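*Asks:* Dropping a prediction and its sequence here:
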Amino acid sequence: YKHLVDLQGQFVTDANFDNDVKSLHKMYAQRNLELSMDVYKQSPRKQELANLSEAISELSKIDEEDDNGELDGAIEELQERLATNQPAGIKSFKRLDDLLAGGLYGSMLFTIGARPAVGKTAYAVNLAYQIMMSDPEVQVDFFTLEMNKREMLNRFISRSANVD
């Protein structure tokens with residue numbers, strides 16, 4: 001595998017051109033910000049402060065995604081899914097999949113919150129377990145601030161063994 005990665009690095013292609021341009025632009029903006037900070041440190045004047053502020057805003061604009069608000073791409077994707085009747089999301093519980101229009105999708109973030117001792121962790125464990133059983137290829141990232149790894153492993157084992 002390392003040989004393939006080394007081989008790939010020897011050739012210039014346009015496959016990552018957009019990412020490379022964005023990386024170069026970001027490095028340029030970071031360097032420009034550093035220079036502006038140095039100039040402002042040496043002589044803190046209004047013009048240098050304005051240049052520093054402009055450099056900061058230029059760097060922050062690079063990571064922003066351009067979104068003109070048009071829905072053309074999303075509408076085309078929806079029409080294609082409706083025409084082909086393909087399952088689009090990660091399957092879990094039938095009622096939840098129906099509620100979410102086909103299941104969970106990438107880039108979604110769900111936060112489960114409620115009062116203490118109402119079953120948030122139990123529900124989350126059941127949801128993660130159901131997803132993993134529905135499609136073994138899916139990997140689930142499970143974050144909790146209440147339990148350590150051992151306690152979470154015990155929860156998943158209990159769920160798998162049908163032990164309360």
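*Replies:* Everything's here; your move.
*Asks:* Next, name the residue at the spatial heart of this protein.
*Replies:* residue 107 (5.0 Å; C-alpha atoms, centre = their mean).
*Asks:* Look up how far residue 20 lies from it.
*Replies:* 23 Å (C-beta to C-beta, to the nearest Å). Yep, even glycine has a C-beta here, placed from its N, CA and C like the rest.
*Asks:* For the residue lying farthest from the centre of the chain, what are phi and psi?
*Replies:* Residue farthest from the centre of the chain, counting by C-alpha atoms, centre = their mean, is residue 43 at 41.2 Å. Backbone geometry at residue 43, expressed as degrees, to the nearest 10, gives phi -150, psi 90.
*Asks:* who does the helix or strand where residue 78 lies touch, helix- and strand-wise?
*Replies:* In the assignment (DSSP states H and E), residue 78 maps to helix 72-84. Judged by 3 or more C-beta pairs under 8 Å, 6 or more residues apart in numbering; DSSP states H and E, helix 72-84 is in contact with no other helix or strand.
*Asks:* How about it, which residues are buried there?
*Replies:* By 16 or more other C-beta atoms under 10 Å, helix 72-84 has no buried positions at all.
*Asks:* tell me the mean pLDDT for it?
*Replies:* Mean pLDDT, helix 72-84: 77.
*Asks:* Kind regards, and thank you for your time.
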